[in-house]
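Enquirer: Let me see the structure of the following:
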Amino acid sequence: MTDLDHILLKCPADDAQQQKMLEEKYGLRGAKDVDGAVIFGAARLGAHLAGLLGNMGVRVAGFSDNDPARWYSIYCGLPVLPPKSLDRHQPVIIASKFVKDIFSALLKQGAKRLIPHYILSVLFPEDFSSAFHRLSADTVRSAEKSIREVMLFLSDQPSRDLYLSILKFRITLDPMDLPDPTPGQYFPGDFWSLSGQEVFVDVGACTGDTMTDFLRHTKGAFARYFALEPDPKNMVELKKAVPEDLEKQIVALPYGAGERRHKANFIADAGGESRISEGGALSVDIVSLDELLRTEAVSTIKIDVEGYEKEVLSGAKGIIGERSPKLAVSVYHKLQDIWELPIWIRACNGGYRFYLRHHTEEIYDTVLYCVPDTGSESQRDTKRTKENTSTPFNKASAGHPPRASASFLKARL
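Expert: Numbers count the residues shown, from 1 in each chain. Prediction:
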(Lines give C-alpha, C1' and ligand atoms only; values in the text may rest on other atoms or scores of the structure.)
Protein backbone atom coordinates (compact mmCIF):
# COMPACT_ATOMS: atom_id res chain seq x y z
CA MET A 1 0.00 0.00 0.00
CA THR A 2 1.39 3.40 -1.01
CA ASP A 3 1.52 6.58 1.11
CA LEU A 4 -1.29 7.97 -1.02
CA ASP A 5 -3.38 4.87 -0.35
CA HIS A 6 -2.91 5.36 3.41
CA ILE A 7 -3.95 9.02 3.21
CA LEU A 8 -7.06 8.31 1.15
CA LEU A 9 -7.97 5.41 3.43
CA LYS A 10 -8.06 7.81 6.38
CA CYS A 11 -10.33 10.24 4.57
CA PRO A 12 -13.80 10.31 6.19
CA ALA A 13 -16.64 8.92 4.08
CA ASP A 14 -18.21 12.35 3.64
CA ASP A 15 -18.25 15.93 4.96
CA ALA A 16 -20.70 15.06 7.73
CA GLN A 17 -18.36 12.41 9.11
CA GLN A 18 -15.40 14.78 8.84
CA GLN A 19 -17.33 17.44 10.74
CA LYS A 20 -18.18 15.00 13.51
CA MET A 21 -14.54 13.91 13.73
CA LEU A 22 -13.39 17.53 14.12
CA GLU A 23 -16.10 18.38 16.65
CA GLU A 24 -14.96 15.49 18.83
CA LYS A 25 -11.27 16.22 18.43
CA TYR A 26 -11.55 19.89 19.40
CA GLY A 27 -14.54 19.66 21.74
CA LEU A 28 -16.58 22.11 19.71
CA ARG A 29 -20.31 21.85 19.09
CA GLY A 30 -20.78 25.59 18.81
CA ALA A 31 -18.85 28.84 19.16
CA LYS A 32 -19.99 29.06 22.79
CA ASP A 33 -17.61 26.19 23.56
CA VAL A 34 -14.66 28.60 23.29
CA ASP A 35 -16.11 30.97 25.90
CA GLY A 36 -13.28 32.36 28.03
CA ALA A 37 -10.62 31.53 25.43
CA VAL A 38 -7.31 33.27 24.96
CA ILE A 39 -6.48 34.27 21.37
CA PHE A 40 -2.84 33.59 20.54
CA GLY A 41 -1.76 36.29 18.12
CA ALA A 42 -2.17 39.95 19.04
CA ALA A 43 -2.44 41.12 15.45
CA ARG A 44 -5.00 41.61 12.68
CA LEU A 45 -6.40 38.07 12.55
CA GLY A 46 -6.64 37.89 16.33
CA ALA A 47 -8.45 41.21 16.47
CA HIS A 48 -10.85 40.03 13.75
CA LEU A 49 -11.70 36.83 15.65
CA ALA A 50 -12.09 38.71 18.92
CA GLY A 51 -14.58 41.02 17.24
CA LEU A 52 -16.59 38.16 15.74
CA LEU A 53 -16.69 36.26 19.03
CA GLY A 54 -17.67 39.39 20.92
CA ASN A 55 -20.54 40.06 18.53
CA MET A 56 -21.76 36.51 19.21
CA GLY A 57 -21.69 37.06 22.95
CA VAL A 58 -18.66 34.80 23.43
CA ARG A 59 -16.25 36.06 26.06
CA VAL A 60 -12.56 36.39 25.16
CA ALA A 61 -10.29 36.42 28.22
CA GLY A 62 -7.35 38.07 26.48
CA PHE A 63 -4.53 37.62 24.03
CA SER A 64 -1.15 35.98 24.08
CA ASP A 65 1.81 36.50 21.79
CA ASN A 66 5.40 35.42 21.28
CA ASP A 67 6.54 39.05 21.11
CA PRO A 68 7.79 40.09 24.60
CA ALA A 69 7.21 43.74 23.71
CA ARG A 70 3.48 43.07 23.73
CA TRP A 71 3.32 41.29 27.09
CA TYR A 72 1.20 42.98 29.77
CA SER A 73 -0.03 45.57 27.27
CA ILE A 74 -3.65 46.10 26.24
CA TYR A 75 -4.81 45.09 22.75
CA CYS A 76 -8.40 45.55 21.58
CA GLY A 77 -9.27 46.36 25.18
CA LEU A 78 -7.89 43.03 26.46
CA PRO A 79 -4.65 42.08 28.25
CA VAL A 80 -1.79 40.42 26.35
CA LEU A 81 -0.24 37.61 28.39
CA PRO A 82 3.08 35.76 28.04
CA PRO A 83 2.62 32.23 26.66
CA LYS A 84 4.07 30.64 29.80
CA SER A 85 1.39 32.24 31.98
CA LEU A 86 -1.49 30.51 30.19
CA ASP A 87 -3.66 28.00 32.03
CA ARG A 88 -3.08 24.70 30.26
CA HIS A 89 -6.79 23.81 30.49
CA GLN A 90 -7.96 27.13 29.03
CA PRO A 91 -9.07 27.16 25.36
CA VAL A 92 -6.43 28.82 23.17
CA ILE A 93 -7.39 29.90 19.66
CA ILE A 94 -4.24 30.18 17.53
CA ALA A 95 -4.75 33.17 15.22
CA SER A 96 -1.54 33.16 13.21
CA LYS A 97 -0.20 31.75 9.97
CA PHE A 98 2.58 30.30 12.13
CA VAL A 99 -0.02 27.96 13.60
CA LYS A 100 2.17 24.87 13.23
CA ASP A 101 5.09 26.25 15.27
CA ILE A 102 2.82 27.80 17.90
CA PHE A 103 0.74 24.64 18.22
CA SER A 104 3.89 22.55 18.70
CA ALA A 105 5.35 24.93 21.30
CA LEU A 106 2.15 25.10 23.34
CA LEU A 107 1.76 21.33 23.24
CA LYS A 108 5.24 21.00 24.77
CA GLN A 109 4.13 23.49 27.41
CA GLY A 110 1.28 21.15 28.35
CA ALA A 111 -1.68 22.99 26.79
CA LYS A 112 -4.75 20.78 26.50
CA ARG A 113 -7.23 22.80 24.39
CA LEU A 114 -5.55 24.21 21.32
CA ILE A 115 -7.81 25.36 18.48
CA PRO A 116 -6.28 26.51 15.17
CA HIS A 117 -8.18 29.52 13.83
CA TYR A 118 -9.20 27.68 10.66
CA ILE A 119 -11.13 25.06 12.66
CA LEU A 120 -13.68 27.75 13.49
CA SER A 121 -14.06 28.47 9.75
CA VAL A 122 -14.47 24.80 8.91
CA LEU A 123 -16.98 23.98 11.65
CA PHE A 124 -18.89 27.27 11.70
CA PRO A 125 -18.56 28.74 8.18
CA GLU A 126 -21.57 31.03 8.54
CA ASP A 127 -19.94 32.82 11.46
CA PHE A 128 -16.24 32.52 10.47
CA SER A 129 -16.20 32.48 6.69
CA SER A 130 -12.97 31.64 4.87
CA ALA A 131 -12.27 31.03 1.21
CA PHE A 132 -9.35 28.75 2.06
CA HIS A 133 -10.63 26.44 4.80
CA ARG A 134 -13.63 24.17 4.55
CA LEU A 135 -14.68 20.55 4.84
CA SER A 136 -12.97 18.47 2.18
CA ALA A 137 -14.07 14.82 2.44
CA ASP A 138 -16.78 15.00 -0.26
CA THR A 139 -14.41 16.74 -2.69
CA VAL A 140 -11.55 14.31 -2.09
CA ARG A 141 -13.75 11.21 -2.26
CA SER A 142 -15.26 12.30 -5.57
CA ALA A 143 -11.85 12.96 -7.14
CA GLU A 144 -9.75 9.95 -6.10
CA LYS A 145 -9.02 8.98 -9.72
CA SER A 146 -7.75 12.47 -10.58
CA ILE A 147 -5.77 12.71 -7.35
CA ARG A 148 -3.98 9.45 -8.18
CA GLU A 149 -3.37 10.54 -11.78
CA VAL A 150 -1.49 13.70 -10.75
CA MET A 151 0.66 11.77 -8.30
CA LEU A 152 1.95 9.70 -11.23
CA PHE A 153 3.19 12.59 -13.36
CA LEU A 154 4.72 14.95 -10.80
CA SER A 155 8.36 15.24 -11.81
CA ASP A 156 10.39 15.01 -8.60
CA GLN A 157 10.21 13.63 -5.07
CA PRO A 158 9.82 17.01 -3.31
CA SER A 159 6.73 17.62 -5.45
CA ARG A 160 5.26 14.23 -4.60
CA ASP A 161 6.03 14.66 -0.90
CA LEU A 162 4.40 18.09 -0.87
CA TYR A 163 1.34 16.80 -2.72
CA LEU A 164 0.88 14.08 -0.09
CA SER A 165 1.41 16.55 2.75
CA ILE A 166 -1.23 18.95 1.46
CA LEU A 167 -3.73 16.17 0.86
CA LYS A 168 -3.13 14.80 4.35
CA PHE A 169 -3.61 18.21 5.95
CA ARG A 170 -6.80 18.88 4.00
CA ILE A 171 -8.21 15.63 5.39
CA THR A 172 -6.97 15.78 8.99
CA LEU A 173 -6.76 19.59 9.41
CA ASP A 174 -4.07 18.84 11.99
CA PRO A 175 -1.58 21.76 12.04
CA MET A 176 1.30 19.30 12.48
CA ASP A 177 0.46 17.96 9.01
CA LEU A 178 1.00 21.36 7.37
CA PRO A 179 3.83 21.46 4.81
CA ASP A 180 7.01 23.38 5.56
CA PRO A 181 7.63 26.33 3.22
CA THR A 182 10.58 26.75 0.88
CA PRO A 183 11.95 30.07 -0.47
CA GLY A 184 11.89 31.34 -4.04
CA GLN A 185 8.24 31.90 -4.85
CA TYR A 186 7.83 32.13 -8.67
CA PHE A 187 11.62 31.85 -9.02
CA PRO A 188 12.40 28.51 -7.34
CA GLY A 189 15.77 27.89 -9.02
CA ASP A 190 16.81 24.31 -9.70
CA PHE A 191 14.47 23.29 -12.55
CA TRP A 192 13.47 26.92 -13.28
CA SER A 193 15.59 29.36 -15.28
CA LEU A 194 15.12 32.72 -17.00
CA SER A 195 16.65 33.74 -20.31
CA GLY A 196 17.89 37.15 -21.35
CA GLN A 197 14.94 37.38 -23.76
CA GLU A 198 12.11 36.69 -21.33
CA VAL A 199 8.63 37.87 -22.18
CA PHE A 200 7.10 37.51 -18.72
CA VAL A 201 3.36 37.79 -18.10
CA ASP A 202 2.33 38.57 -14.52
CA VAL A 203 -1.39 37.97 -14.04
CA GLY A 204 -2.38 39.35 -10.66
CA ALA A 205 0.59 41.69 -10.44
CA CYS A 206 -0.74 43.39 -7.29
CA THR A 207 1.70 46.16 -6.25
CA GLY A 208 4.70 44.77 -8.10
CA ASP A 209 6.23 42.32 -5.65
CA THR A 210 6.78 39.63 -8.30
CA MET A 211 8.07 42.23 -10.74
CA THR A 212 10.63 43.41 -8.18
CA ASP A 213 11.83 39.83 -7.68
CA PHE A 214 11.96 39.33 -11.45
CA LEU A 215 14.14 42.41 -11.91
CA ARG A 216 16.47 41.22 -9.16
CA HIS A 217 16.84 37.82 -10.84
CA THR A 218 17.28 39.15 -14.39
CA LYS A 219 19.28 42.28 -13.49
CA GLY A 220 17.34 44.09 -16.21
CA ALA A 221 18.20 41.61 -18.98
CA PHE A 222 14.81 40.68 -20.46
CA ALA A 223 12.63 41.53 -23.45
CA ARG A 224 9.24 42.54 -21.99
CA TYR A 225 7.19 42.30 -18.81
CA PHE A 226 3.40 42.49 -18.95
CA ALA A 227 1.78 43.19 -15.56
CA LEU A 228 -2.01 42.78 -15.37
CA GLU A 229 -3.72 44.24 -12.30
CA PRO A 230 -7.38 45.41 -12.27
CA ASP A 231 -7.41 46.88 -8.72
CA PRO A 232 -7.01 50.68 -9.11
CA LYS A 233 -5.13 51.19 -5.83
CA ASN A 234 -2.79 48.30 -6.53
CA MET A 235 -2.19 49.68 -10.03
CA VAL A 236 -1.06 53.03 -8.60
CA GLU A 237 1.55 51.29 -6.46
CA LEU A 238 2.51 48.96 -9.30
CA LYS A 239 3.31 51.87 -11.60
CA LYS A 240 5.36 53.52 -8.87
CA ALA A 241 7.44 50.34 -8.60
CA VAL A 242 8.41 50.40 -12.31
CA PRO A 243 11.99 51.74 -12.67
CA GLU A 244 12.15 54.76 -14.99
CA ASP A 245 14.84 53.21 -17.16
CA LEU A 246 12.65 50.15 -17.81
CA GLU A 247 9.34 51.86 -18.61
CA LYS A 248 9.55 50.84 -22.27
CA GLN A 249 10.01 47.18 -21.38
CA ILE A 250 7.43 46.93 -18.59
CA VAL A 251 3.79 47.26 -19.62
CA ALA A 252 1.30 47.76 -16.76
CA LEU A 253 -2.27 47.02 -17.83
CA PRO A 254 -5.40 47.67 -15.69
CA TYR A 255 -7.12 44.46 -16.74
CA GLY A 256 -8.00 41.11 -15.32
CA ALA A 257 -7.46 37.98 -17.38
CA GLY A 258 -10.05 35.31 -18.06
CA GLU A 259 -11.46 32.95 -20.64
CA ARG A 260 -12.85 35.73 -22.84
CA ARG A 261 -13.25 39.48 -23.09
CA HIS A 262 -16.02 40.74 -20.79
CA LYS A 263 -16.83 42.87 -17.77
CA ALA A 264 -16.74 41.33 -14.29
CA ASN A 265 -17.64 42.41 -10.78
CA PHE A 266 -14.56 42.90 -8.62
CA ILE A 267 -13.83 43.30 -4.91
CA ALA A 268 -11.26 46.11 -4.83
CA ASP A 269 -9.17 47.84 -2.17
CA ALA A 270 -8.25 44.52 -0.55
CA GLY A 271 -4.55 44.49 -1.42
CA GLY A 272 -3.43 41.01 -2.40
CA GLU A 273 -6.92 39.66 -1.72
CA SER A 274 -8.70 41.84 -4.30
CA ARG A 275 -10.56 39.49 -6.62
CA ILE A 276 -13.27 38.82 -9.16
CA SER A 277 -16.53 38.14 -7.33
CA GLU A 278 -20.23 38.47 -8.05
CA GLY A 279 -20.44 40.48 -4.83
CA GLY A 280 -17.86 43.02 -5.99
CA ALA A 281 -18.90 46.66 -6.35
CA LEU A 282 -16.38 47.56 -9.05
CA SER A 283 -16.75 46.54 -12.70
CA VAL A 284 -13.44 45.71 -14.40
CA ASP A 285 -12.35 44.70 -17.90
CA ILE A 286 -11.38 41.07 -18.44
CA VAL A 287 -9.36 39.96 -21.49
CA SER A 288 -8.01 36.61 -22.62
CA LEU A 289 -4.24 36.26 -22.84
CA ASP A 290 -4.63 34.62 -26.25
CA GLU A 291 -6.19 37.83 -27.55
CA LEU A 292 -4.04 40.26 -25.61
CA LEU A 293 -0.68 38.67 -26.39
CA ARG A 294 -1.34 37.10 -29.76
CA THR A 295 1.75 38.69 -31.33
CA GLU A 296 4.09 38.35 -28.32
CA ALA A 297 6.68 35.58 -27.88
CA VAL A 298 5.47 34.77 -24.37
CA SER A 299 8.05 32.73 -22.44
CA THR A 300 6.63 32.69 -18.87
CA ILE A 301 3.17 33.17 -17.37
CA LYS A 302 2.65 33.62 -13.63
CA ILE A 303 -0.94 33.46 -12.31
CA ASP A 304 -2.13 34.33 -8.80
CA VAL A 305 -5.72 35.56 -8.98
CA GLU A 306 -7.54 34.41 -5.84
CA GLY A 307 -9.30 31.38 -7.30
CA TYR A 308 -9.77 32.56 -10.90
CA GLU A 309 -6.74 30.62 -12.17
CA LYS A 310 -8.70 28.10 -14.27
CA GLU A 311 -10.42 30.88 -16.21
CA VAL A 312 -7.09 32.61 -16.90
CA LEU A 313 -5.59 29.35 -18.17
CA SER A 314 -8.62 28.73 -20.39
CA GLY A 315 -8.06 32.11 -22.01
CA ALA A 316 -4.42 31.22 -22.66
CA LYS A 317 -5.07 27.83 -24.24
CA GLY A 318 -3.58 28.88 -27.57
CA ILE A 319 -0.38 30.24 -26.04
CA ILE A 320 0.05 27.20 -23.80
CA GLY A 321 -0.72 24.69 -26.52
CA GLU A 322 1.48 26.19 -29.22
CA ARG A 323 4.23 28.15 -27.48
CA SER A 324 4.80 26.09 -24.32
CA PRO A 325 5.69 28.98 -22.00
CA LYS A 326 6.84 28.19 -18.48
CA LEU A 327 3.90 28.40 -16.09
CA ALA A 328 3.79 29.34 -12.40
CA VAL A 329 0.21 28.88 -11.21
CA SER A 330 -1.17 29.27 -7.69
CA VAL A 331 -3.05 26.11 -6.70
CA TYR A 332 -4.09 26.84 -3.11
CA HIS A 333 -7.18 29.03 -3.42
CA LYS A 334 -9.45 26.05 -4.14
CA LEU A 335 -8.86 22.56 -2.75
CA GLN A 336 -9.40 20.87 -6.13
CA ASP A 337 -6.99 23.14 -8.03
CA ILE A 338 -4.00 21.09 -6.91
CA TRP A 339 -5.18 18.18 -9.07
CA GLU A 340 -7.60 19.77 -11.57
CA LEU A 341 -5.20 22.40 -12.93
CA PRO A 342 -2.25 20.04 -13.61
CA ILE A 343 -4.61 17.68 -15.44
CA TRP A 344 -6.06 20.54 -17.51
CA ILE A 345 -2.61 21.84 -18.46
CA ARG A 346 -1.37 18.36 -19.36
CA ALA A 347 -4.39 17.84 -21.61
CA CYS A 348 -3.69 21.18 -23.29
CA ASN A 349 0.01 20.45 -23.78
CA GLY A 350 1.54 17.06 -22.97
CA GLY A 351 5.09 18.36 -23.21
CA TYR A 352 5.47 19.78 -19.69
CA ARG A 353 7.24 18.59 -16.57
CA PHE A 354 5.28 19.37 -13.41
CA TYR A 355 6.64 20.54 -10.05
CA LEU A 356 4.99 21.69 -6.82
CA ARG A 357 6.52 24.01 -4.25
CA HIS A 358 5.03 25.61 -1.11
CA HIS A 359 6.28 29.08 -0.17
CA THR A 360 4.44 30.41 2.90
CA GLU A 361 3.52 29.22 6.38
CA GLU A 362 0.10 27.55 6.74
CA ILE A 363 -1.76 26.53 3.57
CA TYR A 364 -1.08 29.59 1.40
CA ASP A 365 1.17 30.04 -1.65
CA THR A 366 1.40 26.55 -3.10
CA VAL A 367 2.57 26.99 -6.70
CA LEU A 368 2.46 24.59 -9.64
CA TYR A 369 5.47 25.04 -11.93
CA CYS A 370 5.21 23.71 -15.48
CA VAL A 371 8.44 23.54 -17.46
CA PRO A 372 8.63 22.56 -21.14
CA ASP A 373 10.32 19.20 -21.61
CA THR A 374 12.31 19.91 -24.75
CA GLY A 375 13.15 16.24 -25.16
CA SER A 376 9.55 15.01 -25.25
CA GLU A 377 7.81 13.84 -28.41
CA SER A 378 5.00 16.34 -27.73
CA GLN A 379 7.45 19.22 -27.67
CA ARG A 380 9.08 18.06 -30.91
CA ASP A 381 5.62 17.94 -32.52
CA THR A 382 4.90 21.45 -31.21
CA LYS A 383 8.17 22.74 -32.62
CA ARG A 384 7.37 21.29 -36.05
CA THR A 385 3.92 22.91 -35.88
CA LYS A 386 5.44 26.30 -35.09
CA GLU A 387 7.89 26.00 -37.96
CA ASN A 388 5.05 25.22 -40.40
CA THR A 389 2.69 27.93 -39.14
CA SER A 390 3.10 31.46 -40.39
CA THR A 391 0.41 33.07 -38.23
CA PRO A 392 0.16 32.66 -34.43
CA PHE A 393 -2.77 30.37 -33.51
CA ASN A 394 -3.37 29.92 -37.25
CA LYS A 395 -6.06 27.24 -37.02
CA ALA A 396 -7.86 28.76 -34.06
CA SER A 397 -7.89 32.28 -35.50
CA ALA A 398 -8.40 31.70 -39.21
CA GLY A 399 -10.64 34.48 -40.46
CA HIS A 400 -10.43 36.24 -37.08
CA PRO A 401 -7.67 38.86 -37.05
CA PRO A 402 -6.27 39.99 -33.69
CA ARG A 403 -8.67 42.36 -31.97
CA ALA A 404 -6.08 44.06 -29.80
CA SER A 405 -2.35 43.83 -29.25
CA ALA A 406 -0.69 44.68 -25.95
CA SER A 407 0.81 47.84 -27.45
CA PHE A 408 -2.65 48.92 -28.60
CA LEU A 409 -4.13 48.32 -25.16
CA LYS A 410 -1.29 50.21 -23.48
CA ALA A 411 -1.95 53.17 -25.78
CA ARG A 412 -5.51 53.32 -24.43
CA LEU A 413 -4.40 53.76 -20.82
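
Enquirer: quick one: least confident helix or strand in the protein?
Expert: In the chain, no helix or strand scores lower on mean pLDDT, DSSP states H and E than helix 394-397, which sits at a mean of 39.

Enquirer: can you list the domain ranges for the chain.
Expert: For the chain, automatic domain parsing gives the domain ranges 16-137, 181-411.

Enquirer: ranking those domains by mean pLDDT, which is last?
Expert: Mean pLDDT per stretch puts domain 181-411 lowest among the domains of the chain, at a mean of 88.

Enquirer: now the helices: where do they sit in the stretch 51-200 of the chain?
Expert: Secondary structure of the stretch 51-200 of the chain by DSSP state H, counting those that start in this stretch: the helices cover 99-108, 117-123, 137-142, 144-153, 157-172.

Enquirer: Could you provide those helices in CSV, with additional columns for mean neighbour count and distance to residue 363?
Expert: Quick note: C-beta positions are derived from backbone N, CA and C, even for glycine. Output for the helices of the stretch 51-200 of the chain, formatted as CSV (neighbours: other Cβ atoms under 10 Å; distance: least, Cβ to Cβ, whole Å):
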stretch, mean neighbour count, distance to residue 363
helix 99-108, 17, 10
helix 117-123, 21, 8
helix 137-142, 17, 15
helix 144-153, 15, 17
helix 157-172, 19, 7
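
Enquirer: Quick check: which of those is nearest to residue 205?
Expert: With Cβ to Cβ as the measure, helix 157-172 is the member of the helices of the stretch 51-200 of the chain nearest residue 205 (25.6 Å).

Enquirer: so what does the closest one touch, helix or strand wise?
Expert: Judged by 3 or more Cβ pairs under 8 Å, 6 or more residues apart in numbering; DSSP states H and E, helix 157-172 is in contact with helix 3-9, helix 137-142, helix 144-153, helix 337-348, strand 352-358.

Enquirer: try 6 Å this time
Expert: Secondary-structure packing of helix 157-172 (3 or more Cβ pairs under 6 Å, 6 or more residues apart in numbering; DSSP states H and E): helix 3-9, strand 352-358.

Enquirer: These: which one's closest to residue 75?
Expert: Ranking the helices and strands packed on helix 157-172 by their distance to residue 75 (criterion: Cβ to Cβ) puts strand 352-358 first, at 30.5 Å.

Enquirer: what element comes up after the closest one heading to the C-terminus?
Expert: Where DSSP states H and E defines the elements, the next helix or strand beyond strand 352-358 is strand 366-372.

Enquirer: tell me the angle of that next one relative to helix 337-348?
Expert: On the basis of axes from the mean of the first three to the mean of the last three Cα atoms, to 10 degrees, strand 366-372 is oriented at 20 degrees to helix 337-348.

Enquirer: For residue 136, which residues are in contact?
Expert: Residues near residue 136 by Cβ atoms under 6 Å, 6 or more residues apart in numbering: 170, 335.

Enquirer: Now do the phi/psi pair for residue 264.
Expert: phi -140, psi 150 (degrees, to the nearest 10).

Enquirer: For it, give the beta-bridge partners.
Expert: For residue 264, the beta-bridge partners are residue 284 (DSSP bridges).

Enquirer: Return the residues in contact with it.
Expert: Residue 264 makes contact with 276, 284, 286 under the criterion Cβ under 6 Å, 6+ apart.

Enquirer: Closest one of the residues you listed to residue 86?
Expert: Closest to residue 86, out of all of these and judged by Cβ to Cβ, is residue 276, at 41.6 Å.

Enquirer: Hmm, that closest one is touching residue 307, no?
Expert: No. Taking Cβ atoms under 6 Å as the definition, residue 276 is not a contact partner of residue 307, at 8.2 Å.

Enquirer: and these two? which has more neighbours close in?
Expert: Neighbour comparison, residue 276 and residue 307: the larger count goes to residue 276, with 20 against 16 (by other Cβ atoms under 10 Å).

Enquirer: Next up, the contacts around that one.
Expert: Listed by Cβ under 6 Å, 6+ apart, the contact partners of residue 276 are 264, 266, 308.

Enquirer: Switch these over to CSV; also include distance to residue 301.
Expert: Below are the contacts of residue 276 laid out as CSV (distance: Cβ to Cβ, whole Å):
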residue, distance to residue 301
264, 20
266, 21
308, 14
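
Enquirer: What is the nearest of the residues you listed to residue 60?
Expert: Once Cβ to Cβ is applied, the member of the contacts of residue 276 that ends up nearest residue 60 is residue 266, at 34.0 Å.

Enquirer: in what helix or strand does that closest one lie?
Expert: strand 262-267.

Enquirer: Starting from the helix or strand following that strand, tell me which strands it pairs with and how they run.
Expert: Moving toward the C-terminus from strand 262-267, the next helix or strand (DSSP H and E) is strand 275-276. Looking at strand 275-276 with DSSP bridges, its partner strands are strand 262-267 (antiparallel).

Enquirer: Check which residues of the partner strand are buried.
Expert: 264, 266, 267 (16 or more other Cβ atoms under 10 Å).

Enquirer: Stretch 108-118 too?
Expert: Going by neighbour count (16+ other Cβ under 10 Å), the buried part of stretch 108-118 is 111, 113, 114, 115, 116, 117, 118.

Enquirer: Could you do stretch 234-250 as well?
Expert: By 16+ other Cβ under 10 Å, the buried positions in stretch 234-250 come out as 234, 235, 238, 239, 241, 242, 250.

Enquirer: Against residue 356, how distant is residue 157?
Expert: Per Cβ to Cβ, to the nearest Å, residue 157 is found 11 Å from residue 356.

Enquirer: let me fix that: residue 48
Expert: The gap separating residue 48 from residue 356 is 30 Å, by Cβ to Cβ.

Enquirer: who's more crowded, these two?
Expert: Per other Cβ under 10 Å, whichever of residue 48 and residue 356 has more neighbours is residue 356, with 24 against 15.
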